[in-house]
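Undergrad: Give me coordinates for this.
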Amino acid sequence: MEWLSLLLTAVLFAAACNLDTVILSMGYAVKGVRVSLSHSLIIAALTTLITWASLLLGAGAARVLRGPLPNLLGGLVLAGIGAWFVLDWLRRLGPAGEAEGENRAATLWGCVSLAAALAVNNAGIGVAAGVSGIAPGWAALANFLVTLAALPLGRALGDKLAGRLLGKYALPLSGALLVLLGIWEAVG
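TA: Here you go, the predicted structure:
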């Protein structure tokens, strides 16, 4: 049963980290920009590498802290980040905003810079998740696979109503996932 918990937390973590990837891909689709398979692999690999490193950093911090404190602190930070996302969305009363540089993914350098921007978004969440005890290997694998799925999903949703709704509610949805994950880790 422990493996199921590890898998579930890794998938929730990856889903929360990749909603922005779906949104960016939707924006590209609307503008007619296609992210190639090779660029998708680069984006997934680079974001996963940074996410994995941040998870390891958090796991290292958890080894310094003892007892139930790391899970509690990491869970509270995840829930706090999630609450911040929801409050930020409520403050703006609208969508998370347009992606920067709509045509960046069309070139290799644009793809690398996009991956770096997505990875920075994942880094803070990764440290908190690592402190709370989410397995870095499982979470990194889930992040890689979910990133690869998020790019074509965003492209497919790009001009559909579901895509516009997801775009409008991605920030609070990501925040809610992080709050749930944080509570799960804090009380687990």
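
Undergrad: Check the spacing between the closest residue to L181 other than its chain neighbours and K160 real quick.
TA: Spatial nearest neighbour of L181, excluding adjacent residues (C-beta to C-beta, 6 or more residues apart in numbering): L12 at 4.8 Å. C-beta coordinates here come from the backbone N, C-alpha and C atoms, glycine included. As for L12, its distance to K160 is 25 Å (criterion: C-beta to C-beta, to the nearest Å).

Undergrad: any idea which residue sits dead centre in this protein?
TA: With distances taken as C-alpha atoms, centre = their mean, the residue of the chain nearest its centroid is C17 (0.6 Å).

Undergrad: Can you give the distance of the helix or strand that one falls within from its chain's centre?
TA: Using DSSP states H and E, C17 maps to helix 2-30. Taking C-alpha atoms, centre = their mean, to the nearest Å, one finds the center of helix 2-30 at 5 Å from the center of the full chain.

Undergrad: so what secondary structure elements neighbour it?
TA: helix 37-64, helix 108-131, helix 136-157, helix 161-187 (3 or more C-beta pairs under 8 Å, 6 or more residues apart in numbering; DSSP states H and E).

Undergrad: Give me the three-state assignment for the closest residue to V131 other than its chain neighbours.
TA: Nearest residue to V131, sequence neighbours excluded (C-beta to C-beta, 6+ apart): G74, at 3.5 Å. For G74, the assignment made with DSSP: H, G, I helix; E, B strand; the rest coil gives helix.

Undergrad: For G74, the count of nearby residues, please.
TA: Per other C-beta atoms under 10 Å, the neighbour tally for G74 reads 27.

Undergrad: so what's it up against?
TA: 58, 62, 128-134, 182, 185-186 (C-beta atoms under 8 Å, 6 or more residues apart in numbering).

Undergrad: which residues touch I50?
TA: Neighbouring residues of I50 by C-beta under 8 Å, 6+ apart: 116, 119-120, 122-123, 126.

Undergrad: Any of these buried? List them.
TA: Listed as buried from these are 119, 122-123, 126; burial here means 16 or more other C-beta atoms under 10 Å.

Undergrad: how many neighbours does the residue nearest to I42 when sequence neighbours are not counted have?
TA: What sits nearest to I42 in space, not counting adjacent residues and going by C-beta to C-beta, 6+ apart, is C111, at 5.3 Å. Counted by other C-beta under 10 Å, the residues lying close to C111 total 21.

Undergrad: Would you confirm that C111 contacts I43?
TA: Yes - counting by C-beta atoms under 8 Å, C111 does reach I43; the two are 6.1 Å apart.
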